[in-house]
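Undergrad: sequence unknown, structure follows:
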């Protein structure tokens, strides 16, 4: 199957079977988690394009998991829950869910909600060319691949988003708050330590000399900038 990868976070086996059958019959790829901790590991390692999240999990409340995911991920999240009260829906949406489906629901409605969530995520994602090139760095948003001087470089989902944001604003200074909001979401705008850690990791993978970066440069007390290669002398 070649469709979007969906992470199903659900502890009830019969519901997982139903969701897998419904999704795979429409060419979605599926990976599963039954607890909050499994879901966090799967979200980090598999980089899903959409999350279906049940709120009643054995090791914690799905809302807490949703909040943790939103600290670093902008993946579309559709909540599936037997909780049908208005306050439950509002709490999930305020925490960062993109949509909310009350159990039981039909396959047709589920698939329609997934299409809408994926379409909205694509519309708010990187704009411009599918393949962006800045200096020796080539970013293929369709394949989610990065090459540096022609060599494929493995980036984590966060590193990929960070590099994509900087490339979208190439040669412009982005403040710490701007980058944190775009990469991790509005709740992370004061967490500058996130940014320092991931920028250091990204430089180790992109720069020839991470201690003296040529492309991913620091603007002291302000933020970072990805230099436009057209304005630099050849290395």
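TA: Noted; the coordinates are in hand. Quick caveat: nothing in here was measured; it's all calculated off a predicted structure.
Undergrad: Was I right to think residue 7 contacts residue 46?
TA: Yes: under the criterion of CB atoms under 8 Å, residue 7 makes contact with residue 46 at 6.6 Å. The way it works is simple: take the backbone N, C-alpha and C, and place the C-beta from them, glycine included.
Undergrad: Overlap in contacts, the two.
TA: Common contact partners of residue 7 and residue 46 (CB atoms under 8 Å, 6 or more residues apart in numbering): residue 31.
Undergrad: quick one: which of those two has more around it?
TA: residue 7 (24 against 14; other CB atoms under 10 Å).
Undergrad: Which parts of this structure are helices?
TA: Listed in chain order, the helices of the chain (DSSP state H) span 13-24, 36-46, 62-70, 86-95, 107-123, 157-168, 176-184, 192-206.
Undergrad: and of those helices, who's closest to residue 214?
TA: helix 192-206 (9.4 Å; CB to CB).
Undergrad: other SSEs contacting that closest one?
TA: helix 157-168, helix 176-184, strand 216-219 (3 or more CB pairs under 8 Å, 6 or more residues apart in numbering; DSSP states H and E).
Undergrad: hang on, the earlier thing: mean pLDDT added to the helices of the chain, as a markdown table?
TA: Below are these laid out as a markdown table (pLDDT from 0 to 100):
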| stretch | mean pLDDT |
| --- | --- |
| helix 13-24 | 95 |
| helix 36-46 | 89 |
| helix 62-70 | 88 |
| helix 86-95 | 82 |
| helix 107-123 | 84 |
| helix 157-168 | 87 |
| helix 176-184 | 84 |
| helix 192-206 | 90 |
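Undergrad: Save the ones you listed as CSV, and put in distance to residue 218 too.
TA: Shown next, in CSV, are those (distance: least, CB to CB, whole Å):
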stretch, distance to residue 218
helix 13-24, 43
helix 36-46, 26
helix 62-70, 27
helix 86-95, 33
helix 107-123, 30
helix 157-168, 12
helix 176-184, 10
helix 192-206, 8
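Undergrad: Identify whichever of these lies nearest to residue 78.
TA: helix 107-123 (5.6 Å).
Undergrad: which residues make contact with the closest one from outside it?
TA: 4, 6, 19, 22, 26, 28, 49-50, 74-78, 98-99, 101.
Undergrad: ok, and what's touching stretch 160-172?
TA: Contacts for stretch 160-172 (CB under 8 Å, 6+ apart): 74, 126-128, 132, 134, 137, 139, 141, 144, 146, 155, 174, 179, 182-183, 195, 198-199, 202, 206, 216, 224-228, 231.
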